[in-house]
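Trainee: I would like the atomic coordinates for the input below:
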Amino acid sequence: MKVHRAVIAAAGLGTRMFPITKTIDKAMLPIGTRPAIDLIIGECQAAGVDQIAVVVRAGSTQVQDYYTPDPTLESLLARHSWQSKGEVLNDIGRGIDFQFFYQRLDVDDYGTAVPLLLVRDFVGEQPFYYISGDDVLIDTAYTSTLLNLAELVNVGGSGLVARTCDWAEAQRYGVLDVTRRDGRLVLTGLREKEIPSDATRNPLVNISRYVLPATVIDLIRDLPVDPRTGERRVTDALLRLMDSGEPPLVYATDGQYFDIGDHRGLLAANNFVDTRGLP
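Mentor: Below is the predicted model of the structure:
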């Protein structure tokens, strides 16, 4: 299955990274010499995506500015014969048609599903990738995790990327219950941010990368808000698909994963690219 569109959720306040994220969008925090979101964009490019919707916080322009050509800067570089210094800028977002959507955190609902309610027209009727801007995945082999996920999922189906993690770390993520059918991992349950008593020593956890049918947005619109948290969660839609007899498939990646919404994850990502180089 070929997927041409991706949606990236990047509207969060970044409270775990206060005070720096008071003025710098979390998605623009650096990994090496690039903002974190640019690694996610590169991941999408490697999977053949050519249309990306980025959901940002209303009032913010930092991500938009980064992906918009700057004639004044280009003129300045040319005037000083510094064009070679600016060559790296030519590759920013190459071949991608960007659209930006604005989430009002003061009035919109809260939760991982909310950005999808803003992009229904962008998605149209085609399958799409949905990625959290908090989560950076660097493929270490000559492969594309997103492309492999799309190839795993049949047209009209859904799937998500998982990784194994240490048992003690699992409580920070959604632990996946899976079974193997016809050689493929199928989602049978998901437990949010808890260590189940029957968890394996290296459970599979959700790293917020999905391929979804367009109809999932209509499903999300009809789902009730979680009464415990007040959230609209994309994982609730996955569980509804599972209960309806269309369970999402699970792709276990070997890539290096970093939660850059946490300063330790951002530091680990920088240490990794400092040693291995940027993809």
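
Trainee: Start from the N-terminal end of the stretch 51-200 of the chain and give the helices.
Mentor: 62-66, 71-79, 114-117, 120-123, 145-152 (DSSP state H, counting those that start in this stretch).

Trainee: all strands of the stretch 51-200 of the chain, in order?
Mentor: Taking DSSP state E, counting those that start in this stretch as the test, the strands found in the stretch 51-200 of the chain are 51-57, 97-103, 128-132, 135-138, 159-164, 174-181, 184-192.

Trainee: remind me which residues of the chain are low pLDDT?
Mentor: Residue ranges of the chain with pLDDT under 70: 108, 155, 168, 193-202, 278-279.

Trainee: name the element the nearest residue to residue 52 once chain neighbours are set aside belongs to?
Mentor: The shortest distance from residue 52 to any residue other than its chain neighbours is 5.0 Å, reached at residue 6 (CB to CB, 6 or more residues apart in numbering). C-betas here are computed from N, CA, C, even on glycine. Assigned by DSSP states H and E, residue 6 belongs to strand 5-10.

Trainee: From the contact counts, what lies against the host helix or strand of residue 251?
Mentor: In this assignment (DSSP H and E), residue 251 forms part of strand 249-252. The helices and strands touching strand 249-252, judged by 3 or more CB pairs under 8 Å, 6 or more residues apart in numbering; DSSP states H and E, are helix 145-152, strand 159-164, strand 184-192.

Trainee: Repeat the analysis, applying 10 Å as the threshold.
Mentor: helix 145-152, strand 159-164, strand 174-181, strand 184-192, strand 204-212 (3 or more CB pairs under 10 Å, 6 or more residues apart in numbering; DSSP states H and E).

Trainee: list the contacts for the residue nearest to residue 52?
Mentor: 40-41, 43-45, 47, 49-54, 96, 128-131, 146, 209, 211 (CB atoms under 10 Å, 6 or more residues apart in numbering).

Trainee: For it, give the beta-bridge partners.
Mentor: residue 52, residue 129 (DSSP bridges).

Trainee: Look up how far residue 71 lies from it.
Mentor: Distance, residue 6 to residue 71, by CB to CB, to the nearest Å: 27 Å.

Trainee: same question, residue 52
Mentor: From residue 52 to residue 71 the distance is 23 Å (CB to CB).

Trainee: Give me the nearest residue to residue 239, chain neighbours excluded.
Mentor: residue 190 (6.3 Å).

Trainee: ok, the residue nearest to residue 54 when sequence neighbours are not counted - contacts?
Mentor: Distances taken as CB to CB, 6+ apart place residue 8 nearest to residue 54, at 4.9 Å, with adjacent residues excluded. By CB under 10 Å, 6+ apart, the contact set of residue 8 is 27, 37, 40-41, 44, 52-56, 63, 115, 129-133.

Trainee: Burial check on the residue nearest to residue 256 when sequence neighbours are not counted, number of neighbours?
Mentor: Leaving aside its sequence neighbours, residue 256 sits nearest to residue 138 (CB to CB, 6+ apart; 4.6 Å). Residues lying near residue 138 (other CB atoms under 10 Å) number 19.
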